[in-house]
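J.: Have a look; sequence and predicted model below, questions after that.
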Amino acid sequence: MEPVRIVPEAGIDIPSSVRASLEEVVSDLGARIESLYASLDDSKRQWLPDIEIYHNAVRVALDQRIFREESEFEIAETLVAQGNERADQLQLGSPPWVSARGLVVRGYRSKIDGSVQPYGLVVPESFNPRSNERLRLDVWHHGRNLTGTELRFLNVRQTQIGTFAPENTIVLHTFGRFSNAMKYAGEVDTFEALEHVSRCYPVDSDRISMRGFSMGGAATWHLTAHHPDRWVAATPGAGFAESAIYQNLMEKDPKPTWWEQKLWRLYDVTICAGNLRHTPTLAYSGENDPQKQAADLMSECMKEEGLDLPHIIGPETGHAYHPDAKVEIEKWLGKVDDGGREKLPHQIRFTTYSLRFNRCHWIRVDGLEQHWERAQVDADIDGHTVSIATRNVTALTLTMLNDLCPFTLGSVPEVTVDGDRLSISEVTSDGWNIELTRNGHGWTTTPLDRTTLRKRHALQGPIDDFTFDSFVMVTPTGNPLFNGQVAEWIDDQQTDAAYQWEMFFRGRPRVKADKDVTEDDIRDHNLLLWGDPSSNCIYRRIADDLPIVWNAESITSGAATHTTDQHVPVFIYPNPLTPNRYVVVNSGFTFSAYTADSNACQTPKLPDWAVRDITAIDRLPDGVVDCGFFNEQWELK
């Protein structure tokens, strides 16, 4: 069965003569890039992604038929020419674009799927590559645009300066892997692009701001609340801050399933609004913009946490910035930015619902009693005393580097957690690092047992969590347990998963036959295993160590059993061969059928595991006959 195209929609027909011309020049550029990879040394090879972005933009526009108007044919020719110009410059010596000012587009290779992803920069005139002066950086997230493909992104980022371009500031415009509100792989894009920029330019890590409008405003809300110690300030404009109210989901029929509602807590910001005490935040809304709802709701939630949200409202303005408001925003941000990011606050109030988001300054949450329920850490430093109160937390790490630690060398700070006074180690020349765990008798300084399987950061589920890191799709080559509709369904699901990833997350997934998977692949990647324990040799190798049993007779998930004629298990689990990585069985990202819907609806549609009825024809969660979350030890509840 052919995959269903959802986004981006097919564009206009490409005249045969135009296609032939573009195919020729883009193929020549592709061959040239391959030759450069083979001939250049590492010092120059590192700049090739800056050329690949031009090739990829035109290549995918042709392959996916996403030209929207005839003027884009000329844009494609220009991009190929720019790619060749950069190739010429690289062969002649140092690439001039790495020290250029103004509008610059760059690229990096993503760890997730090995694809080259683009980003845009506004580099200020004050930038001096020979100077040690560190520059402020603003991360800007774009709005929703289902036609905003690579070709259009590169064209805009080379011709339009953007909404804000402060003096003496680098502005990073993220592509975000298309239109996903910078969630999942789109969230990773923010950090990968930021890391690449910080390697190439003199970025002041204490003066990085999070900014965006509309969908980019939603991205700003969630990236600020979930990573509250990373930014000097945030200025979300419009957008959304949660799913249910924004999309009126609880009034729809049928209502979202219990597990979908629980998984809204992955990206909802209203439930962790208190984290914004660690990032000065200024909201903007147009007076007549329906998306003003986000800032109004966040204001209410922040008040419940004892916080006030400054909110600039553009008078008689819809979904846009009022000119006067832009001036106010820049004035406010300039003042906040001058003070720099607070590096080691003496008071922390941190909320999380998942170990995916587990860090705030010197506090790291390493264990929860129960995922998807509110976990809270309130920590205070007073002199040489550290007082901590927790909720739904079983393990913590306190880390203060030497240059930030407020305690004197050789001293032994007093630490109290939930009333338990602990005997801890002294401060050394390296700083202070303490691991704390809670057992049935209270808190101790016993480190976590890392040989025991448990949920932890980046290994806590749900199924969609594989999208945050490198993965390989593993295709079966053996004989399946079941011929007919089950084997056909699995084959169709793998084809669709690869296709939807390429279309929505704008990268081609790595795919390998099971017999070609190496030990390095097992060590370095999450494995998406397709097939069954008979058809997939990697699955067969670990089947006895997985919690869901699948054989010719039945599928067993705890006390429940299901027939094998029309059911297939899908789940995520730590790979028994390398417990620092996942295996995912017979699933890609679970919201692929929702990629044209509101970004607020692009939430996980399955928990850690499920048994699916393959005869169901509607999109998830239809056809789920059983499902659930593994407990904190990765056991079936």
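T.: Structure's in. What do you need? Numbers count the residues shown, from 1 in each chain.
J.: Domain map for the protein?
T.: Domains of the chain are assigned by automatic domain parsing as 95-339, 347-444, 463-628.
J.: For those, give me JSON lines that also has mean pLDDT and mean neighbour count.
T.: (Glycine included, C-beta is placed from N, CA and C.) Output for the domains of the chain, formatted as JSON lines (pLDDT from 0 to 100; neighbours: other Cβ atoms under 10 Å):
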{"stretch": "domain 95-339", "mean pLDDT": "98", "mean neighbour count": "20"}
{"stretch": "domain 347-444", "mean pLDDT": "97", "mean neighbour count": "17"}
{"stretch": "domain 463-628", "mean pLDDT": "97", "mean neighbour count": "19"}
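J.: To residue 15, which of these lies closest?
T.: domain 95-339 (16.9 Å; Cβ to Cβ).
J.: hang on, the earlier thing: in CSV, list the domains of the chain along with distance to residue 62.
T.: Conversion of the domains of the chain to CSV gives the following (distance: least, Cβ to Cβ, whole Å):
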stretch, distance to residue 62
domain 95-339, 10
domain 347-444, 37
domain 463-628, 14
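J.: Among these, which comes closest to residue 4?
T.: Nearest of those (Cβ to Cβ): domain 463-628, 7.5 Å.
J.: first vs last residue of the closest one, how far apart are they?
T.: Length of domain 463-628, first residue to last, Cα to Cα, to the nearest Å: 11 Å.
J.: Repeat that for stretch 256-271.
T.: End-to-end distance for stretch 256-271: 18 Å, by Cα to Cα.
J.: Name the residues that touch it?
T.: 183, 221-222, 225-226, 241-244, 249-250, 297-298, 301, 351, 353-354, 356, 372, 374, 462, 603-607, 621, 624, 627-629 (Cβ atoms under 8 Å, 6 or more residues apart in numbering).
J.: try stretch 131-138
T.: Residues from elsewhere that reach stretch 131-138 (Cβ under 8 Å, 6+ apart): 124, 126-127, 164, 166, 168-172, 194, 197-198, 201-204, 207-209, 211, 337.
J.: next one: stretch 499-511
T.: Stretch 499-511 is contacted by residues 3, 5-8, 60, 64, 110, 112-115, 117, 149-150, 175, 177-178, 180, 184-186, 467, 471-475, 497-498, 525, 588-589, 592, 595 when judged by Cβ under 8 Å, 6+ apart.
J.: Restricting to C-alpha, output stretch 170-188 in PDB.
T.: Extracted in PDB, the C-alpha atoms of stretch 170-188 (Å, rounded to 0.1, in the frame of the first residue of the first chain):
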ATOM      1  CA  ILE A 170      23.600  37.200  16.300                       C
ATOM      2  CA  VAL A 171      20.100  36.100  15.400                       C
ATOM      3  CA  LEU A 172      19.700  32.300  14.800                       C
ATOM      4  CA  HIS A 173      16.700  31.500  12.700                       C
ATOM      5  CA  THR A 174      16.000  27.800  13.100                       C
ATOM      6  CA  PHE A 175      14.400  25.700  10.400                       C
ATOM      7  CA  GLY A 176      13.100  23.300  13.100                       C
ATOM      8  CA  ARG A 177      12.700  20.500  10.600                       C
ATOM      9  CA  PHE A 178       9.700  22.200   9.000                       C
ATOM     10  CA  SER A 179       6.500  22.800  10.900                       C
ATOM     11  CA  ASN A 180       6.300  20.900  14.200                       C
ATOM     12  CA  ALA A 181       6.500  23.800  16.800                       C
ATOM     13  CA  MET A 182      10.100  22.700  17.500                       C
ATOM     14  CA  LYS A 183       9.000  19.500  19.300                       C
ATOM     15  CA  TYR A 184      10.600  16.100  19.100                       C
ATOM     16  CA  ALA A 185      13.300  16.200  16.400                       C
ATOM     17  CA  GLY A 186      12.400  19.900  15.900                       C
ATOM     18  CA  GLU A 187      13.400  20.600  19.500                       C
ATOM     19  CA  VAL A 188      16.700  18.800  18.900                       C
END
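J.: quick one on the thing from earlier: sitting in helices, which of the contacts of stretch 499-511 do you find?
T.: 60, 150, 185-186, 497-498 (DSSP state H).
J.: Now residue 559, what are its backbone angles?
T.: When quoted as degrees, to the nearest 10, the phi and psi of residue 559 stand at phi -90, psi -10.
J.: Not counting sequence-adjacent ones, nearest residue to the most centrally placed residue in the chain?
T.: The structure's the chain has its C-alpha centroid closest to residue 187; by Cα atoms, centre = their mean the separation is 2.6 Å. Nearest residue to residue 187, sequence neighbours excluded (Cβ to Cβ, 6 or more residues apart in numbering): residue 223, at 6.9 Å.
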